[in-house]
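In: got a predicted structure here, sequence first:
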Amino acid sequence: MTYLIALLAAALGVAGIVHGEADDSPGLQLLGAALVVGAVVFGVRMIRHGRRRLGRDS
């Protein structure tokens, strides 16, 4: 379920970048890029935390 949240946030960020490009809005592009980066970081931290909890982390 939390992977779905990260995926939806990344998709929303990409949509923000695309719409910001069409509207020539650098602020919307920046917010979209920040949302994508945040979603990727959130997803990676979720994966690493899950592996550590299961004892698979070296």
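Out: Thanks, I have it.

In: next one: the residue most central in space within the chain from residue 45, what distance?
Out: With distances taken as Cα atoms, centre = their mean, the chain has residue 39 as the residue nearest its mean C-alpha position (1.8 Å). Distance of residue 39 to residue 45, computed by Cβ to Cβ, to the nearest Å: 11 Å. From N, CA and C alone the C-beta is placed, and that goes for glycine too.

In: now residue 10
Out: From residue 10 to residue 45 the distance is 14 Å (Cβ to Cβ).

In: where do the helices of this protein begin and end?
Out: Residue ranges of the helices in the chain, as given by DSSP state H, are 2-23, 26-54.

In: re earlier: between residue 10 and residue 45, which is the more surrounded one?
Out: Of the pair residue 10 and residue 45, residue 10 is the one with more neighbours under other Cβ atoms under 10 Å, namely 19 against 11.

In: ok, the nearest residue to that one once chain neighbours are set aside - contacts?
Out: Of all residues not flanking residue 10 in the chain, residue 39 sits nearest, at 4.0 Å (Cβ to Cβ, 6 or more residues apart in numbering). By Cβ atoms under 8 Å, 6 or more residues apart in numbering, the contact list for residue 39 reads 6, 7, 9, 10, 13.

In: quick check, nearest of the residues you listed to residue 30?
Out: residue 13 (10.5 Å; Cβ to Cβ).

In: run a quick neighbour tally on the closest one.
Out: 21.

In: and what of residue 32?
Out: 22.

In: and what of residue 15?
Out: 13.

In: need the contact list for it.
Out: Per Cβ under 8 Å, 6+ apart, neighbours of residue 15: residue 32.

In: okay, it: pLDDT?
Out: According to the prediction, residue 15 has pLDDT 95.

In: equivalent analysis for residue 31, please.
Out: pLDDT recorded at residue 31 is 95.

In: please name the residues that touch the closest residue to it other than its chain neighbours.
Out: Setting aside the residues directly before and after it, residue 31 is nearest to residue 16 in space (Cβ to Cβ, 6+ apart), at 5.8 Å. Neighbour list for residue 16: 28, 29, 31, 32, 35 [criterion: Cβ under 8 Å, 6+ apart].
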